[in-house]
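model this:
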Amino acid sequence: MKFRLIIFRVLFIFSCLQFFVIASFSQNRNIDSLQNLIKLNKNDTNKVINLNRLSRAYLDIGLFDSTIFYSNRALKLCEEKLSGSKGVVYKRFLKSKADGYNNIGIVFAQQAKFPQALDFWLKALKIDEELGNKSGIAARNGNIGNIYWNLKDYKKALFYFFKALKLSREINDQNLIAKWLGNIGNVYREEINNLKNQPEERKALLNKSIDYYFKALKIYDNLNDKIGVARMNGNIGNVYLDFSGDSTISKRTRDSLYDKAKQSINISLSINHEAGNIYEEAIQIGNLGYLNLLMGEYSLAEERMLKAIKIFKELNASEYLRNIEYKISTFYYKINNYKEALLHYEKFVNLNDSIFNSEKNKELVQKEMNFEFNKKEALLKAEQDKKDAISIAEKKRQQSIIYSILFGLLIVLIFSIFLFRLFIQKRKANKLLAQQNAEIIQQKEEILTQRDEIEAQRDLVTNQKNNIEQIHKEVTDSINYAKRIQHAILPSKKLWQKYLPNSFILYQPKDIVAGDFYWLEIKNNEIIFAVADCTGHGVPGAMVSVVCSNSLNRVVNEFNITEPGKILDKTKELVVEHFTKGGDDVKDGMDISICSLCYENNKITLKWAGANNPLWIISSVILNDSEESKVEDSTKQGLTDVLTNHHSFILNEFKPDKQPIGKTDNNVQFKTHIIELQKNDMIYIFSDGFQDQFGGELGKKYKASKMKELLLSITNNTIIEQEKIIANNFKLWKGNLEQVDDICLIGIKI
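Predicted structure coming up:
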């Protein structure tokens, strides 16, 4: 049993290792094009960028010598140009230098030369921190996490992976997010080797691991990143093999898991072969060889594992060579070929000793400590410089005080002299006093006359103030009346609840009247509803909203148009016609999200179109022992009899057409999206007022990402609870700040 656990541990390391580069599929097939660009480039900044791209392209197909050659060329060019550059050009060369260090670090890591890899990554990390490059900082932290994962320091590996994941989510870099999700899955999967005789805990870790793999696979599939899709399929295939090692499952279930593992590994092998990625292709060949061994197909197992060994030797990929040497040793032992088993086991031991030794670990820790020490030393120096500056400023302040006192004494002395002179002149002044008194009496009479005139003017101002207050009251009354008129164009609560009973409307105008409005029409058994955001807010916005609402009514009722995209096309035509009647170039209009909901033949169909405003739909995803995952992913498969129950939600965002309903240079027709809905799906349409609101502790915008998190967190609540939670969340976020725009948000539960 112990020997079998060792085999599965090596299998885990072999199948799950993800290395550290995010390379596009097109780079692998355009090496010649990049070489030609380098020859033709006269601009050094473009040349160094293309040198790093060529280095990365060779890295993707496993040609490590070429990777290092072109990275060193890029670094040499950066060193030559950095001393004479400044501003934007200087930053570009500095970033290219970090990219060159990163590529070389990846090669050393894949050759199991971890101290050298860490050295280059720390150099790159220092540059990224200097530039404030969050993407680079995230990538370098993740790469360092991979080193600790290879050294089986899982706690430290997870620290760096989650740190990298947090930074990647802050900049919304989907490639990096997928990468760290996959690596976190690797760590959880390998931790099962520390759990002996704990089947439930092992199963829980495998479920946790495959959950992260599928999240990463979903992102890679959305990005059309074939290399990422290949990597995740390889990992998923090996998790199926891990599940097959459960002694409590039936033979039928085990055979099913073998089939699923084979399918996933073959997908990965096919993509890597097409991409010319020799390194990843060799990994999947080795995986298939191990699968053949488990299934008793010994001839195929030996052929594939020997082929993988040959490739890894050519690439000098020590880590994977070590793993495959152990596997083939196990294979020969199983078929009683003890001579070959011993030979390959000795090779495994030698490679293992060269990779995992205490001196290497000490060197890694020393490099990390040196990096942290240098950072702290720089902070201490900056703090000391600050203290020195304060001290100098204090000395200058004291000198200023002394000079001020001396200057004040001088002023007192001069003033005393002036007083003495004034005293002498006082006698002369007394003679003139009588004359001056007479003049003062005359001036007093003039002042009294002016006072009477001022009081008359004050009465006039009071009358004007009363007039202004009366005008203000009349204007306010007019706006309140306009509010009643605007509310008349909105659908009544009774009509809305009749056709959309399981829904809520959060409607909060910025002023008395609003530029936002919601709209509902019933036509030919279709429930057509929308949220619109007209140009401006207050009275101007309300006037535009009346025109736009009337145009929507005409399109549906007069022209009998019910398809959302065509409704927007015709509405745009009517709005432009209305605002250009006077000959002025008026560009007012609206952004809108419009839906048509139809219940027919036990199907729920939603048609949608958007002008700058999106549609969000939150759906439930369930994984259990008897159902396939509801996630719409052709590559994701269920785990019958093995996986524990799992429940989550997915928010699907449908992007709008990037044009408003109004006069524009773009006359492209609006697209109608047709979506099949399921029971309990949540539909959200809204204006941009909520996510544009400033608030929180830092007075920043709420943003769409935070709004998505809020809706996902409450999607299981009732409609009434959702409305209260959203309204309260907005109130808390806004705090004492002014509301910046009208707010209209509609949620409908199917």
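
What ranges in the stretch 1-150 of the chain fall below the confidence cut-off?
1-30 (pLDDT under 70).

where along the chain do the strands fall?
Remark: strands assigned in the chain by DSSP state E are 503-508, 516-523, 526-534, 590-600, 603-611, 615-623, 646-654, 673-677, 682-686, 694-695, 700-701, 743-749.

Out of those strands, the one nearest D211 is which?
strand 646-654 (6.9 Å; C-beta to C-beta). (C-beta placed from N, C-alpha, C; glycine too.)

for that closest one, packing partners?
strand 615-623, helix 704-714 (3 or more C-beta pairs under 8 Å, 6 or more residues apart in numbering; DSSP states H and E).

In TSV, list those along with mean neighbour count, mean pLDDT and distance to R202.
Output for the helices and strands packed on strand 646-654, formatted as TSV (neighbours: other C-beta atoms under 10 Å; pLDDT from 0 to 100; distance: least, C-beta to C-beta, whole Å):
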stretch	mean neighbour count	mean pLDDT	distance to R202
strand 615-623	19	85	18
helix 704-714	16	96	30
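
Could you export those as CSV, including distance to S318?
Converted to CSV, those look like this (distance: least, C-beta to C-beta, whole Å):
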stretch, distance to S318
strand 615-623, 37
helix 704-714, 41
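
V412: which of the ones you listed is closest?
Of all those, helix 704-714 sits nearest to V412, with 63.6 Å by C-beta to C-beta.

Please, where are all the helices along the stretch 51-200 of the chain?
In the stretch 51-200 of the chain, the segments counted as helices under DSSP state H, counting those that start in this stretch are 64-82, 87-110, 114-131, 134-150, 154-170, 174-190, 199-223.

Centre of the chain to the last one, how far?
The offset between the C-alpha centroid of helix 199-223 and the centroid of the whole chain comes to 20 Å, using C-alpha atoms, centre = their mean, to the nearest Å.

For it, which helices and strands make contact with it?
helix 174-190, helix 226-244.

and that helix, which residues are buried?
Buried residues in helix 199-223, defined by neighbour count with 16 or more other C-beta atoms under 10 Å: 202-203, 205-221.

that older thread, and the helices and strands packed on strand 646-654: which comes nearest S551?
strand 615-623 (21.0 Å).

Walk me through which strands the closest one pairs with, and which way each runs.
Strand 615-623 has its sheet partners listed here by DSSP bridges as strand 646-654 (antiparallel), strand 682-686 (antiparallel).

got the angle between it and strand 673-677?
If you take axes from the mean of the first three to the mean of the last three C-alpha atoms, to 10 degrees, strand 615-623 sits at 40 degrees to strand 673-677.

closest one to K483 among the helices and strands packed on helix 199-223?
Across those, K483 has its closest neighbour in helix 174-190 (44.2 Å, C-beta to C-beta).

what's the average pLDDT for the closest one?
Throughout helix 174-190, pLDDT has a mean value of 92.

Extract the C-alpha trace of it and format it as PDB.
Output in PDB follows, covering the C-alpha atoms of helix 174-190 (Å, rounded to 0.1, in the frame of the first residue of the first chain):
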ATOM      1  CA  GLN A 174      -8.300  36.900 -17.000                       C
ATOM      2  CA  ASN A 175      -5.200  35.000 -18.300                       C
ATOM      3  CA  LEU A 176      -3.400  35.400 -14.900                       C
ATOM      4  CA  ILE A 177      -6.600  34.600 -12.900                       C
ATOM      5  CA  ALA A 178      -7.000  31.300 -14.800                       C
ATOM      6  CA  LYS A 179      -3.300  30.500 -14.300                       C
ATOM      7  CA  TRP A 180      -3.400  30.900 -10.500                       C
ATOM      8  CA  LEU A 181      -6.700  29.100 -10.200                       C
ATOM      9  CA  GLY A 182      -5.000  26.100 -11.900                       C
ATOM     10  CA  ASN A 183      -1.900  26.300  -9.700                       C
ATOM     11  CA  ILE A 184      -4.000  26.500  -6.500                       C
ATOM     12  CA  GLY A 185      -5.800  23.400  -7.700                       C
ATOM     13  CA  ASN A 186      -2.400  21.700  -8.100                       C
ATOM     14  CA  VAL A 187      -1.500  22.400  -4.500                       C
ATOM     15  CA  TYR A 188      -4.700  21.100  -3.000                       C
ATOM     16  CA  ARG A 189      -4.400  18.000  -5.200                       C
ATOM     17  CA  GLU A 190      -0.800  17.200  -4.000                       C
END
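
who are the neighbours in contact with E526?
For E526, the contacting residues are 562, 596-598, by C-beta atoms under 8 Å, 6 or more residues apart in numbering.

and V513, how many residues sit next to it?
Neighbourhood size, V513 [other C-beta atoms under 10 Å]: 25.

and what of N652?
By other C-beta under 10 Å, the residues close to N652 number 12.

thought it was touching V621?
No: with contact defined as C-beta atoms under 8 Å, N652 does not reach V621; the gap is 11.0 Å.

Can I get the contacts of E526 in a markdown table including distance to S545?
Listed next are the contacts of E526 as a markdown table, based on distance: C-beta to C-beta, whole Å:
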| residue | distance to S545 |
| --- | --- |
| T562 | 22 |
| S596 | 21 |
| L597 | 23 |
| C598 | 27 |
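
Is it possible to mark the buried ones in those?
Buried among these (16+ other C-beta under 10 Å): 562, 596-598.

Of all the helices and strands packed on strand 646-654, which one comes closest to D65?
Minimum separation from D65 across these (C-beta to C-beta) falls at helix 704-714, 42.6 Å.

what helices or strands is the closest one leaning on?
strand 615-623, strand 646-654, helix 719-734.
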